[in-house]
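> Task: produce atomic coordinates for the following.
(chains A, B, C and D)
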Protein chains: 2
Amino acid sequence: MTEATPGRRGGRQLPTADELRIWRDFIETTAALSSRLESRLQSDSSLSTGDYAVLLALSEAEGQAMRSSELAAHIGWERSRLSHHLGRMERRGLLRRRECATVPRGAEVLLTTAGAEAFKGATFPHLRTIRELFVDALTPDQVVAAGEIAAALRAHLDVLGSSQAIPDSE
Amino acid sequence: MTEATPGRRGGRQLPTADELRIWRDFIETTAALSSRLESRLQSDSSLSTGDYAVLLALSEAEGQAMRSSELAAHIGWERSRLSHHLGRMERRGLLRRRECATVPRGAEVLLTTAGAEAFKGATFPHLRTIRELFVDALTPDQVVAAGEIAAALRAHLDVLGSSQAIPDSE
DNA sequence: ACTTTGCGATTGACACGTCAATTCCCGGGG
DNA sequence: CCCCGGGAATTGACGTGTCAATCGCAAAGT
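Next comes the predicted model:
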């Protein structure tokens, strides 16, 4: 009573066995890919991808500094996550935090020279790794297809997200 | 359209701007997808995807029990990760651990009724979520393409992995 | 003026993962 | 017999992420 209408995509409740197999393959492989990238970045530069995202944003900012909430919005992180991460990065000497003059309780994050150098040293091997692990693995057509798949998934997530998601998103 | 020397793929060191954009889109979207799935599973069933993987493996095992190293191999986890996770799941009453008769230092993991029920209650909504977030977002062609992309990425990871994988001495 | 509210940012408690020990127990040499 | 190497599993330290308080302070309300 719950199905028996093949062909119509809106009729099924559950994925088919083939779809499920592809799903598992897809999600596990992308996770493995992230994890490999992470460990490459770690061994090449002693940075995590989180560190890299923060350093990238700060490097591109004018004065190599940003308010922490701007930074959070820019890289799409929750503020609390950023705060924890900045604390760890500050302990490692990659950046400094300073009271912000313009905004009441605002904190400004600025790159140290060590941070700038770490970023500089990391970026080339990191990009090369992306090429090796992702671009080189696929045909040009597949790269394009991957982009389209990502766009479709993202669009779908956004649609669902607005109607029935978690509290505030961004 | 931005590059000047199309054709030779082995010549470049770094990804093009287009490739990089696709990469970021792809990796961030898949991460968002995982995270959405995780939170759906959590709110539907109070389980993490890790819990789900463990419960699935145990449910399918004969006697609803497995040696912990078999389990680790089956779901592809490191033993230490599994050990930590089993500890947390045991505290929540989803499973029990017992000394294994057949193997010297072997530990056997077995499902409790609570664990079996939690899994039973979780599986339908979980599969439905996979359908909603993944299958429904893509055209049938894209689903197939996603499978091929995953296979290509995985194969490439495996090739690289065997030649220059983990640091064994430094 | 004294609260109240609102926002930026931080903190604490906890789940999760990895790496490097460490424990337990076994089965050989010496 | 005692030690020693080795496999199974656990443990501890620590980085990382989330959620729910909390803190500090300025602008409003009364």
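
> So what's the residue count around residue A:111?
By other CB atoms under 10 Å in any protein chain shown, 23 other residues sit near residue A:111. Backbone N, C-alpha and C define where each C-beta goes, glycine included.

> how about the closest residue to it other than its chain neighbours, what does it touch?
Closest residue to residue A:111 apart from its sequence neighbours, by CB to CB, 6 or more residues apart in numbering or on different chains: residue A:64 at 4.1 Å. Listed by CB atoms under 8 Å, 6 or more residues apart in numbering or on different chains, the contact partners of residue A:64 are A:58, A:110, A:111, A:116.

> swap the cut-off to 6 Å and go again
A:58, A:110, A:111 (CB atoms under 6 Å, 6 or more residues apart in numbering or on different chains).

> DNA strand C: which of the residues you listed is nearest?
Of all the contacts of residue A:64, DNA strand C sits closest to residue A:110, with 12.3 Å by CB to the nearest atom of the strand.

> I'd say the closest one and residue A:96 touch.
Yes - Residue A:110 is within contact range of residue A:96, at 5.5 Å (criterion: CB atoms under 6 Å).

> Tell me which residues of stretch A:81-88 come out buried.
Going by neighbour count (16 or more other CB atoms under 10 Å in any protein chain shown), the buried part of stretch A:81-88 is A:82, A:85, A:86.

> ok, now stretch A:29-47?
Neighbour counts using 16+ other CB under 10 Å place A:29, A:30, A:32, A:33, A:34, A:36, A:37, A:40, A:41, A:45, A:47 of stretch A:29-47 among the buried residues.

> In PDB, list the C-alpha atoms belonging to that stretch.
C-alpha atoms of stretch A:29-47 as PDB (Å, rounded to 0.1, in the frame of the first residue of the first chain):
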ATOM      1  CA  THR A  29      34.400   9.100  -0.100                       C
ATOM      2  CA  THR A  30      33.900  12.800   0.300                       C
ATOM      3  CA  ALA A  31      34.600  12.300   4.000                       C
ATOM      4  CA  ALA A  32      37.800  10.400   3.200                       C
ATOM      5  CA  LEU A  33      38.800  13.100   0.800                       C
ATOM      6  CA  SER A  34      38.400  15.800   3.400                       C
ATOM      7  CA  SER A  35      40.300  13.800   5.900                       C
ATOM      8  CA  ARG A  36      43.100  13.200   3.500                       C
ATOM      9  CA  LEU A  37      43.300  16.800   2.700                       C
ATOM     10  CA  GLU A  38      43.400  17.600   6.300                       C
ATOM     11  CA  SER A  39      46.300  15.300   7.100                       C
ATOM     12  CA  ARG A  40      48.200  16.500   4.100                       C
ATOM     13  CA  LEU A  41      47.800  20.100   5.200                       C
ATOM     14  CA  GLN A  42      48.800  19.100   8.700                       C
ATOM     15  CA  SER A  43      52.000  17.400   7.600                       C
ATOM     16  CA  ASP A  44      53.000  20.000   5.100                       C
ATOM     17  CA  SER A  45      52.300  23.000   7.200                       C
ATOM     18  CA  SER A  46      51.200  22.000  10.700                       C
ATOM     19  CA  LEU A  47      47.900  23.700  10.100                       C
END
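
> Throw the contacts of residue A:64 into CSV and include distance to residue B:78, pLDDT and secondary structure, thanks.
CSV is the format used below for the contacts of residue A:64 (distance: CB to CB, whole Å; pLDDT from 0 to 100; DSSP: H, G, I helix; E, B strand; the rest coil):
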residue, distance to residue B:78, pLDDT, secondary structure
A:58, 34, 97, helix
A:110, 38, 95, strand
A:111, 35, 96, strand
